[in-house]
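Participant: Attaching a predicted model along with its sequence, questions to come.
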Amino acid sequence: MSNNEISQAHERTGAAFDVHGIEPVPNEHRTSGQLDQFWIWAGANVAPINWVLGAIGIQLGLSLVETLMVIVIGNVLGCALFGAMCVVGHRSGVPQMVLSRLAFGRRGAWLPTLMQVLMPMGWVAINTWIVLDLAVAALERMGMSGGMELKYAIAVAVMLIQVGIATWGFHAIRYFERYTMPVVLLIMIAMTVLAFTHVDIHWHSSTAHGIGKLAAMSQLMTAIGIGWGISWLVYASDYTRFTKPALTSRQVFRATSLGMFVPTVWLALLGAAIASAGSGADPAQLIIAVFGAMALPVLLVLVHGPIATNIVVIYSAALATLSLDLRIARWVVSVVSGIVALSILYLFLHSGAFASTFENLMVFFVVWIAPWAGIVLVDFFAIHRGRIDVEALYRHHSTSSCGDVNWPGMAALALGVIAAWLFQVGSIESMQGPLAMALGGIDLSWFSGLATGGGSYYVFYLARRAVRSPQAPLVDNGSST
């Protein structure tokens, strides 16, 4: 049977159980097209949290026009970085944390990989927790009440569904998004029309001025602008490794970046527009109040949001765990991740203070992603020029050309994290970088982390190359992937 016949047969199996671990995906199993990738990333970003984040600009004193400008510009940049990382997965067929071995070493990559193992469990709990109050409010609009017991029932149902899909693997994820997202988008169109016709939107009302306005813009840029796209970089290659080899890098870039850009900007604008009415309420709660008879469709969107986001997160968490050289079945890791997330969610439901503190801690954790991304992108595109030895990523650390621990990569990551923290504005004192505070609250954490991490890594590379002989080049002569 030819590779094309194998590919067609594999496609006909539908959402067959995904047997792939962290090994490179064979070309005959790479059947994901542009539309698949668009739906996956659109689904991951049609989440109620984006309604809330979109309202931050209004709450910080920006006008709706200013808020929209920051959100659009930020997401153009953030989604471009995300699209570039997706291209890396398409060219290599390798998961994201395995690719980290190229820049950090065969075992040095365990440090960022460990962060990627721990973070998703927390994000799954947070994403599910955020939607519970909104789902209960939507059910109450339909005459169904149940208090805390109803929250428990929704939480368990949502968690079982998302863990089941993520455990099944990539094929289940892409088919879930492919068949649910068109319906969700139709509901979103109706919601948007109703919101803009039932809410007194103020486009130009602003209370922030001078340095306060710049600070507000920078914080919004970090929350839902470029910072949002950067936060997804650690997941990108896990899904584009399944893209059809015949697709060009430009096609993959366009499908993935638009998949993130469209729903993120759309929902952020919707949340900001409703918040501009000035009631001071949570924009997502206002949406439910506005729609009345559409409570059921809104409920479907609310429940779909965390499921579509968390299945992506849980699947990637399992791949990251396997990247630590642990010999565990991927489905086992997915189930364990769901159990841990459900335990954290249970604590959220019993303590709002714990939930707030935990969420702040998660925001602190993501400070490493920008410098990590800068290093990985510089290593792949600037140093290796897209030509890597894929087999070296899987060899034992004693024989791999990636080495055991790549100390320049580790040093660049440390410098990048420090730089990001110095320019970070957080809600708790430990997350308030001194340089950001000295600038009046201007948050440039994403830029300082990305530039310092990637820039210092490239400087270290040039310094090492300068002391090497021409007969011992630093760059591997791997085959183009």
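Facilitator: Yep, it's here.

Participant: Show me which positions of the lengthiest helix in the chain end up buried.
Facilitator: The longest helix of the chain (DSSP state H) is helix 110-141. Residues 110-113, 115-117, 119-132, 134-139, 141 are the ones in helix 110-141 that count as buried (16 or more other C-beta atoms under 10 Å). Every residue, glycine included, has its C-beta placed from N, CA and C.

Participant: Quick one: name whatever helix or strand follows that helix.
Facilitator: Sequence order places helix 147-168 as the next helix or strand after helix 110-141, per DSSP states H and E.

Participant: quick check: mean pLDDT across that next one?
Facilitator: Taken as a whole, helix 147-168 has an average pLDDT of 89.

Participant: residues making contact with it?
Facilitator: For helix 147-168, contacts defined as C-beta atoms under 8 Å, 6 or more residues apart in numbering pick out 15, 17-18, 124, 128-129, 131-133, 135-136, 139, 144, 146, 172-173, 176, 303, 306-307, 310-315, 318, 331, 334-335, 337-338, 341-342, 345, 349.

Participant: okay, the angle between the longest helix of the chain and helix 147-168?
Facilitator: 140 degrees (axes from the mean of the first three to the mean of the last three C-alpha atoms, to 10 degrees).

Participant: now helix 110-141: how far from the chain's centre is it?
Facilitator: Going by C-alpha atoms, centre = their mean, to the nearest Å, the spacing between the C-alpha centre of helix 110-141 and its chain's C-alpha centre is 12 Å.

Participant: Specify the next element, helix or strand, located C-terminal of the helix or strand bottoming out on mean pLDDT in the chain.
Facilitator: When the helices and strands of the chain are scored by mean pLDDT, DSSP states H and E, helix 3-12 comes last with a mean of 45. The first helix or strand that comes after helix 3-12 along the chain, using DSSP H and E, is helix 34-45.

Participant: CA atoms of that following helix as CSV?
Facilitator: Output of helix 34-45 as CSV, limited to C-alpha atoms (Å, rounded to 0.1, in the frame of the first residue of the first chain):
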residue,chain,number,x,y,z
GLN,A,34,-5.6,23.9,7.3
LEU,A,35,-9.2,23.9,8.4
ASP,A,36,-8.5,21.3,11.1
GLN,A,37,-5.8,23.6,12.6
PHE,A,38,-8.1,26.6,12.4
TRP,A,39,-10.9,24.9,14.3
ILE,A,40,-8.5,23.5,16.9
TRP,A,41,-7.1,26.9,17.8
ALA,A,42,-10.3,28.8,17.4
GLY,A,43,-12.0,26.3,19.8
ALA,A,44,-9.2,26.7,22.3
ASN,A,45,-9.8,30.5,22.4
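
Participant: Which strands or helices does the longest helix of the chain pack on?
Facilitator: Helix 110-141 makes packing contacts with helix 48-54, helix 96-99, helix 147-168, helix 283-291, helix 295-322, helix 330-350, helix 352-365, helix 407-422 when contacts are defined by 3 or more C-beta pairs under 8 Å, 6 or more residues apart in numbering; DSSP states H and E.

Participant: Distance to L68 and mean neighbour count for these - can I get that in JSON lines?
Facilitator: JSON lines is the format used below for these (distance: least, C-beta to C-beta, whole Å; neighbours: other C-beta atoms under 10 Å):
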{"stretch": "helix 48-54", "distance to L68": "9", "mean neighbour count": "25"}
{"stretch": "helix 96-99", "distance to L68": "31", "mean neighbour count": "26"}
{"stretch": "helix 147-168", "distance to L68": "31", "mean neighbour count": "18"}
{"stretch": "helix 283-291", "distance to L68": "14", "mean neighbour count": "22"}
{"stretch": "helix 295-322", "distance to L68": "21", "mean neighbour count": "25"}
{"stretch": "helix 330-350", "distance to L68": "32", "mean neighbour count": "18"}
{"stretch": "helix 352-365", "distance to L68": "23", "mean neighbour count": "14"}
{"stretch": "helix 407-422", "distance to L68": "26", "mean neighbour count": "21"}
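
Participant: Out of the ones you listed, point me to the one whose mean pLDDT is lowest.
Facilitator: Sorting those by mean pLDDT places helix 283-291 lowest, at a mean of 59.

Participant: burial of V72, as a residue count?
Facilitator: Applying other C-beta atoms under 10 Å, we find 14 residues neighbouring V72.
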